[in-house]
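# Give me coordinates for this.
(chains A and B)
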Number of protein chains: 2
Amino acid sequence: MPREILFNAFVMNCVAHQSPGLWRHSQDYSLDYTSLQHWADLARLLERGLFDAMFIADVLGAYDVYGGSPAAALRGGVQVPVNDPMMLVPAMALVTEHLGFGVTANLSYEPPTIFARRLSTLDHLTRGRIGWNIVTGYLDSAARGVGERLAAHDDRYDRADEFMAVVLALWEESWADGAVRRDRAGGIYADAAKVRPIRHEGTHYRVDAIHLAEPSPQRTPVLFQAGSSAKGRDFAARHAECVFVSGPSARVIAPRVAAIREAAAAHGRDALKVFSLMTVVLGSTEREAQEKLAGYCELASPEGGLVLMSGWTGVDFAAMRLDEEVRHVENDAGRTAMDNITRADRDRRWTVGEVGRHVALGGIGPSSCGTPGQVADAMERWVADTGVDGFNLSYAVMPGTFADIVDQLVPELQRRDRYKRGYGEGTLREKLFGAGARRSKPS
Amino acid sequence: MPREILFNAFVMNCVAHQSPGLWRHSQDYSLDYTSLQHWADLARLLERGLFDAMFIADVLGAYDVYGGSPAAALRGGVQVPVNDPMMLVPAMALVTEHLGFGVTANLSYEPPTIFARRLSTLDHLTRGRIGWNIVTGYLDSAARGVGERLAAHDDRYDRADEFMAVVLALWEESWADGAVRRDRAGGIYADAAKVRPIRHEGTHYRVDAIHLAEPSPQRTPVLFQAGSSAKGRDFAARHAECVFVSGPSARVIAPRVAAIREAAAAHGRDALKVFSLMTVVLGSTEREAQEKLAGYCELASPEGGLVLMSGWTGVDFAAMRLDEEVRHVENDAGRTAMDNITRADRDRRWTVGEVGRHVALGGIGPSSCGTPGQVADAMERWVADTGVDGFNLSYAVMPGTFADIVDQLVPELQRRDRYKRGYGEGTLREKLFGAGARRSKPS
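This next block holds a predicted model:
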């Protein structure tokens, strides 16, 4: 029997995540991003639709590669202003019971002890519904914000490895099982003999401290990763339990999914869940869906798309003509981002303008537009062709895209037995990987 | 007409804040500290009682001076485990409208850009109800957790000054008034010409970045400070809008309040609000209150009190006899903490055991026990004798102490016209300092 398809909602604490320009749409409420009620409503909606998780992206700098300044990003509200993603979680957790919350957090600029406590706190408060998307950052503007230049790509992953060693030790080893007694009669909160300091002397971090938080339901948050470079893939193979992939065609996704699963298996880890980026536009008829899409495309900002693409690749597209053909980008990370689009169809040539228009509606991922039946067909085909476990669903309009998915697409997939009819019990990890699931370590 | 008395609730995201041992009490629910509902209920209670703010303390290390290890702290749950304070705020803000939230955050270990965005995010989400208690840390265990030794006291304040310069620039100067347009028709989110990078090259920080968050209702959170050393007092005089003082008698508090107001006035700042630590035990009769207090004292842990005092002073009280007289502590910060108690009554000698018992019920502050009328009398007298504006109210039991205050003491103070009958409009700063109030800068 084919497996159930998993759904993440892919959002960001800002006005324009992966659909720049659409905050102007009459059906879009992204301007409410500073309202707790806005996020609480979204969480309730997603839980009604049995989404596995809401996934909150983040950046720590402005997109300033395009035109050599953040002006275009500011003008279009393109991922700037951007607020802290973690602060949304407690309010959304209060009004939901099962929805998971994945938060993107850059590990490059904070002591591991303080970061580990923050994540443990969220895991406690959500009763074990926290995931962490491990990122090392790609924006030089973020590094300049903390008085550094962006570290070379491979160095970032070396630091990440060391950071992971420390936080995993804090989460898994500082407090032994059974350390917490909560013994009212005996007056003993914790058995001090079962709590030990984590000592680490490394290249980037020195630590000598007990973890300040007692063990949370999951101890370690469910680990997400999106690395697509060689180093990133190796990092994901060793650490990630869930992996994000993005690209506009199954042809570019399929071999990458296979490679990630193979690399993880080589570390003795075979329970990986892979999510593919997609934007869905639904209508009760094909025509209604197409009209909706046309309305979105009218307001989607190609310049905003190029602002994003310039940040991802490090190439200033403002310096190129819109009808100029995009060629290979000459740096590692940039090439990967660009290949995600241009390799999709090897026979096709992409102009700068086409890239901008593509990215302006759903980022690097594909769009699927049609009736619930048509979109469900496309999803089933995509899953079969790529081997992914589910989708990381971008929105065109907030929260309309998700409301359409919940009300129209989810019932269709349920009819096909490709979507859950209720949440499983337990933590986010147990919901994703089965009762009693624990973090799968590299062998 | 005498002014209204202000109320802060003084809490911490842990099992035992300033009443170690009392988590064992049958009426205490501190063990629920990892539950969002627990905190949401507390916030609703405090808002019903028209509290000005909930104030959340924090430490970044375990109390391990006592006995040279964190064992006693862990055994008694004395401020360890301790979870991140900020993560509680969004959930509590969702279920309240007026209550302010003061969060303690140590500025020593995080880049100012990332910290500034986190606070801006909270100020947005709470609609301008955020305060920040600026601390530099006093626990060497916290420094060891981030690979450092605790900086010398004065050096910590030098770093704090530089940190403040950066975050204030980010909050107040990066986005000009009117920079945010949100112009749907014109497609302009922000006027890029009105957003400028903050550039700083200092001893401890280098920054070159725009603030990632657009201006929040208060821009700068209401700034709280508790420094009582010379450097700390100077820092408070230049930055703080609210100041915490603590000591068990009006005699020790009064000159300190006067000194702080004088120092602030010397910087052209005269609108300071000063809060005095106090623990209140209420009963409908004096006997009922005394019986309640006796029940608390039975469970309060003198060892827990000494664990705290050892951390505050840097003196290991486990190495002393309980009947030994406490003499002056030989380091600056430690002497200040100890003087808070021992100077209260110059003719009295304090033994180690007495210090532990005192601190175990409300920390360094005084307790006031009696009927609502008696406690209101004590508070009015305290305000008259010390010149403080209100109280930072510690709890004996959670949330019972606050429930008693809301249901019994608040109505009594209202009858005396010493307590508000409804919240003022606007942000936390406007509620505290009047409509249109802005941050008062040092001249």
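# what residue ranges in the stretch 101-250 of chain A score low on pLDDT?
Low-confidence segments of the stretch 101-250 of chain A (pLDDT under 70): A:148-154, A:228.
# how about a cut-off of 50?
The stretch 101-250 of chain A contains no residues with pLDDT under 50.
# ok, which residues in it are in contact with chain B?
By CB under 8 Å from any CB of the partner chain, the residues of the stretch 101-250 of chain A that approach chain B are A:109-111, A:113-114, A:117-118, A:120-122, A:124-125, A:141-142, A:144-147, A:182, A:184-185, A:187-192, A:195, A:205-210, A:212-214, A:216. Backbone N, C-alpha and C define where each C-beta goes, glycine included.
# These in strands, which ones?
In strands, defined here by DSSP state E, the members of those are A:182, A:188-190, A:206-209.
# For PyMOL, write the select line for the buried members of the residues of the stretch 101-250 of chain A next to chain B.
Buried residues within those, by 16 or more other CB atoms under 10 Å in any protein chain shown, are selected in PyMOL with:
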select buried, chain A and resi 109+110+111+113+114+117+118+120+121+122+124+125+141+142+144+145+146+147+187+188+189+190+191+192+195+205+206+207+208+209+210+212+213+214+216
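# which residues in chain A form strands?
Assigned by DSSP E, chain A shows strands spanning A:6-12, A:53-57, A:100-106, A:130-135, A:180-183, A:188-190, A:198-201, A:206-209, A:222-225, A:242-245, A:273-282, A:367-370, A:390-394.
# name the helices or strands packed onto the fourth one?
Using 3 or more CB pairs under 8 Å, 6 or more residues apart in numbering or on different chains; DSSP states H and E as the contact criterion, the secondary-structure elements in contact with strand A:130-135 are strand A:53-57, strand A:100-106, helix A:112-125, strand A:222-225.
# is chain B contacted by the first one?
Just to be clear, that refers to strand A:53-57. No. Shown here: strand A:53-57 not in contact with chain B (CB under 8 Å from any CB), separated by at least 11.9 Å.
# who touches that strand?
A:8-13, A:17, A:42-43, A:46, A:85, A:88-89, A:92, A:99-104, A:129, A:131, A:133, A:224, A:392, A:428 (CB atoms under 8 Å, 6 or more residues apart in numbering or on different chains).
# Neighbouring strands of it in the sheet, and parallel or not?
Note on strand A:53-57: by DSSP bridges, its sheet partners are strand A:6-12 (parallel), strand A:100-106 (parallel).
# re the thing from before, export the strands of chain A to TSV and tack on distance to residue A:257?
Listed next are the strands of chain A as TSV, based on distance: least, CB to CB, whole Å:
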stretch	distance to residue A:257
strand A:6-12	14
strand A:53-57	18
strand A:100-106	19
strand A:130-135	18
strand A:180-183	40
strand A:188-190	43
strand A:198-201	34
strand A:206-209	36
strand A:222-225	14
strand A:242-245	6
strand A:273-282	5
strand A:367-370	18
strand A:390-394	12
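# measure residue A:401 to chain B for me?
Residue A:401 is 18 Å from chain B, where distance means CB to the nearest CB, to the nearest Å.
# list the contacts for that residue?
A:279-281, A:393-395.
# closest to residue A:77 among those residues?
Nearest to residue A:77 among the contacts of residue A:401 is residue A:395, at 14.9 Å by CB to CB.
# my guess is that closest one meets residue A:17, correct?
Yes. Using CB atoms under 8 Å, residue A:395 is in contact with residue A:17, at 7.4 Å.
# hey, what's in contact with both of these two?
A:10-11.
# Could you single out the nearest of the contacts of residue A:401 to chain B?
Closest approach between the contacts of residue A:401 and chain B, by CB to the nearest CB: residue A:395, at 17.4 Å.
# By proximity to chain B, which residue of the stretch 251-400 of chain A wins?
residue A:301 (7.2 Å).
# which residue packs closest to that residue, ignoring adjacent ones?
residue A:21 (3.1 Å; CB to CB, 6 or more residues apart in numbering or on different chains).
# if I look at that neighbour, how far off is residue A:76?
7 Å (CB to CB, to the nearest Å).
# Of the two, which one has the most company?
residue A:76 (28 against 25; other CB atoms under 10 Å in any protein chain shown).
# my guess is residue A:203 meets residue A:165, correct?
No. The criterion here is CB under 8 Å, and residue A:203 misses it with residue A:165 at 11.2 Å.
# Counting neighbours, go ahead and name the busier of the two.
Under the criterion of other CB under 10 Å, the comparison of residue A:203 against residue A:165 puts residue A:165 first, with 16 against 10.
# Apart from its chain neighbours, what residue comes closest to that one?
residue A:200 (6.9 Å).
# so what's the one you found up against?
A:165-166, A:169, A:206-208.
# about what we covered before: hang on, isn't the residue nearest to residue A:301 packed against residue A:299?
Yes. With contact defined as CB under 8 Å, residue A:21 and residue A:299 form a contacting pair (5.0 Å).
# Backbone dihedrals for the residue nearest to residue A:418 when sequence neighbours are not counted, both of them.
Once flanking residues are discounted, residue A:418 sits nearest to residue A:5: 5.2 Å by CB to CB, 6+ apart. Reported as degrees, to the nearest 10, the phi and psi values for residue A:5 are phi -90, psi 130.
# Count residues in the vicinity of residue A:5, would you?
Residues near residue A:5, counting by other CB under 10 Å: 20.
# Also the one 3 residues further on?
Residue A:8 has 25 neighbours, counted by other CB under 10 Å.
# With residue A:320 as the reference, measure out to it.
Residue A:8 is 33 Å from residue A:320, by CB to CB.
# same check, this time on residue A:289
Using CB to CB, one obtains 33 Å as the distance from residue A:289 to residue A:320.
# Comparing these two, which residue is more hemmed in?
Neighbours were counted for residue A:289 and for residue A:320 using other CB under 10 Å; residue A:289 has more, 23 against 17.
# Show the pLDDT at that one.
Looking at residue A:289, its pLDDT reads 98.
# nearest residue to it other than its sequence neighbours?
residue A:283 (3.1 Å).
# now residue A:28, which residues is it bridged with?
Beta-bridge partners of residue A:28, as defined by DSSP bridges: residue A:399.
# List the contacts of it.
Residue A:28 touches A:22, A:397-398, A:400, counting by CB under 8 Å, 6+ apart.
# What parts of the stretch 251-400 of chain A come near chain B?
Going by CB under 8 Å from any CB, the residues of the stretch 251-400 of chain A near chain B are residue A:301.
# where does the stretch 251-400 of chain A dip in pLDDT?
Ranges of the stretch 251-400 of chain A meeting pLDDT under 50: none found.
# let's see it at 70
Scanning the stretch 251-400 of chain A for pLDDT under 70 picks out the ranges A:328-348.
# now the helices for it?
Ranges of helices in the stretch 251-400 of chain A, per DSSP state H, counting those that start in this stretch, are A:286-299, A:302-313, A:332-342, A:352-359, A:372-386, A:400-404.
# Please work out which of the ones you listed is packed deepest.
helix A:302-313 (a mean of 27; mean count of other CB atoms under 10 Å in any protein chain shown).
# what's in contact with it?
Residues contacting helix A:302-313 (CB under 8 Å, 6+ apart): A:16, A:18, A:20-21, A:59, A:63-66, A:72-73, A:76, A:78-79, A:138-139, A:315-318, A:322, A:329, A:331, A:333-335, A:337-338, A:352-353, A:355-360, A:363.
# hang on, the earlier thing: ok, which of the strands paired with strand A:53-57 comes nearest residue A:220?
Once those are compared by CB to CB, strand A:100-106 is nearest, at 13.6 Å.
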